[in-house]
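J.: Any chance you could fold what I've pasted below:
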Amino acid sequence: MKLAIGTVQFGLSYGVSNIGGQVHIDEATRILKLASGHGIDTLDTASAYGSSEDVLGAIGVDQWRVISKIPPLPQGVSDVRNWVLDQVKRSMDRLRLKSLDAVMLHKPSDLLGSHQHSYLSAFSFIKAQGLAGAIGYSVYSPNELLELCKIQWPDIVQVPFNIFDQRVKNSGWLDRLNQRGTRVHVRSVFLQGLLLMPAQTRPPWFSRWNDLLTRWDQVSVDSGLSPTVLALNFALNEQGIEKVVVGVESQEQLAQLLGTQTIQIGAALAELACEDANLIEPYRWKLQ
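T.: Numbers count the residues shown, from 1 in each chain. Down below sits the predicted model:
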């Protein structure tokens with residue numbers, strides 16, 4: 001099962017198309033029960049995801065492979081190594097777990113600064129003590145990997161990948177990571193819901209990319225397939241990807257994804273790749 005559950009919605013109201021707000025713990029419990037019953041075994045979370053880790057800990061996730069992320073380094077931390085270790089242990093406490101499947105840096109550029117040695121020392125300790133089986137990076141762009149991999153090649157990487165943002169593949173990084181045995185997880189396969197939104201409901205910010213969005217809409221019409229089927233299969237079809245992380249707001253949403261038919265995607269979607277960071281990097285969006 002290539003799908004993994006992203007849990008940011010369990011702790012925050014998240015996503016451009018999210019109308020339901022933060023997922024209630026009872027609904028989160030139902031989502032995880034359905035996911036587990038269909039062979040999904042991996043959860044993606046972070047201390048920065050509001051109360052997500054607390055919610056997961058309350059539900060009970062000891063049978064899951066859980067990946068969490070070390071938050072950005074605050075200013076004024078004098079003992080960076082112990083701060084990193086403390087962040088990992090705090091996440092484990094909230095999750096009520098004795099170990100994590102993997103730990104990633106939420107802001108990998110912290111490794112590039114003057115605290116490089118402290119981070120590397122903490123990483124070695126985390127793996128040696130069995131606190132996490134893998135160490136890696138969650139990046140906005142594969143371009144970030146160039147400097148990071150010079151310092152420490154990651155066991156695992158999480159990177160955006162969707163019909164518009166195909167950078168990790170087109171740059172050659174997906175092949176490079178696979179050749180070194182790095183586990184590649186992708187997120188944002190629906191581009192925070194933008195790829196699933198009807199044209200009339202898209203915020204005005206996206207009007208500058210109307211030509212591209214219209215081409216995307218037309219591919220769905222011409223194929224007779226829903227945007228969900230196309231966008232999800234685009235990621236699932238990519239052989240070099242270990243897990244496709246999807247966030248869901250309800251049991252019904254997950255059921256729809258699980259019921260999505262598996263199809264082979266043609267070249268039409270590869271031609272929709274876009275390099276404009278203002279579209280493919282959601283943190284740049286100005287929606288208000």
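
J.: Can you report the mean pLDDT over the residues of whatever helix or strand Ala35 lives in?
T.: Here Ala35, judged by DSSP states H and E, is contained in helix 25-37. Helix 25-37 shows a mean pLDDT of 96.

J.: elements contacting that helix?
T.: Applying 3 or more CB pairs under 8 Å, 6 or more residues apart in numbering; DSSP states H and E, one finds that helix 25-37 makes contact with strand 3-6, helix 52-59, helix 251-258. (Each C-beta comes from the backbone N, C-alpha and C, glycine too.)

J.: just so I know, which of these lies nearest Gly37?
T.: Nearest to Gly37 among the helices and strands packed on helix 25-37 is helix 251-258 (9.3 Å), distances taken as CB to CB.

J.: ok, then the element right after the closest one?
T.: Immediately after helix 251-258, counting by DSSP H and E, sits helix 267-270.

J.: Now do that following helix: which elements does it pack against?
T.: helix 210-223.

J.: State the next helix or strand along the chain beyond the helix it packs on.
T.: Following helix 210-223 in sequence order, the next helix or strand is helix 227-236 (DSSP H and E).

J.: Find out how far that following helix is from the centre of the chain, if you would.
T.: Once both centres are worked out by CA atoms, centre = their mean, to the nearest Å, helix 227-236 turns out to sit 15 Å from its chain's centre.

J.: Give me the pLDDT for Gly21.
T.: 69.

J.: no, scratch that, I was asking about Ser171
T.: So, for Ser171, pLDDT stands at 96.

J.: quick one, phi/psi of it?
T.: With angles defined as degrees, to the nearest 10, Ser171 sits at phi -80, psi -10.

J.: Now do the contacts for the closest residue to it other than its chain neighbours.
T.: Computed as CB to CB, 6 or more residues apart in numbering, the closest residue to Ser171 that is not its neighbour in sequence is Pro142, at 5.1 Å. Going by CB atoms under 8 Å, 6 or more residues apart in numbering, Pro142 touches Val159, Arg167, Val168, Ser171, Trp173.

J.: Assign a three-state SS to the first one, would you?
T.: To tie it back to what came earlier, the one meant is Val159. Under DSSP: H, G, I helix; E, B strand; the rest coil, the three-state class of Val159 is strand.

J.: With adjacent residues omitted, what lies nearest to it?
T.: Counting by CB to CB, 6+ apart, Val159 lies nearest to Val168, which is 4.8 Å off, once chain neighbours are set aside.

J.: Same question for the last one.
T.: In this structure, Trp173 finds its nearest non-sequential neighbour in Pro142, 4.1 Å apart by CB to CB, 6+ apart.

J.: Tell me the spacing between the one you found and Ala277.
T.: For Pro142, the distance to Ala277 (CB to CB, to the nearest Å) stands at 12 Å.

J.: Kindly report the same for Thr214.
T.: The spacing between Thr214 and Ala277, counted by CB to CB, is 21 Å.

J.: and what of Arg180?
T.: Going from Arg180 to Ala277 by CB to CB gives 26 Å.

J.: Can you get me a residue count around Leu148?
T.: Neighbourhood size, Leu148 [other CB atoms under 10 Å]: 19.

J.: you'd agree it is up against Asp110?
T.: No. Leu148 is beyond contact range of Asp110, at 10.4 Å (criterion: CB atoms under 8 Å).

J.: So for the residue nearest the centre of the chain, what pLDDT did the model give?
T.: The centroid of the chain falls nearest to Arg187 when counting by CA atoms, centre = their mean (3.4 Å). Here, the pLDDT recorded for Arg187 equals 96.

J.: go on, Lys286?
T.: 91.

J.: Need the phi and psi values for Leu194.
T.: Dihedral angles (degrees, to the nearest 10) for Leu194: phi -60, psi -40.
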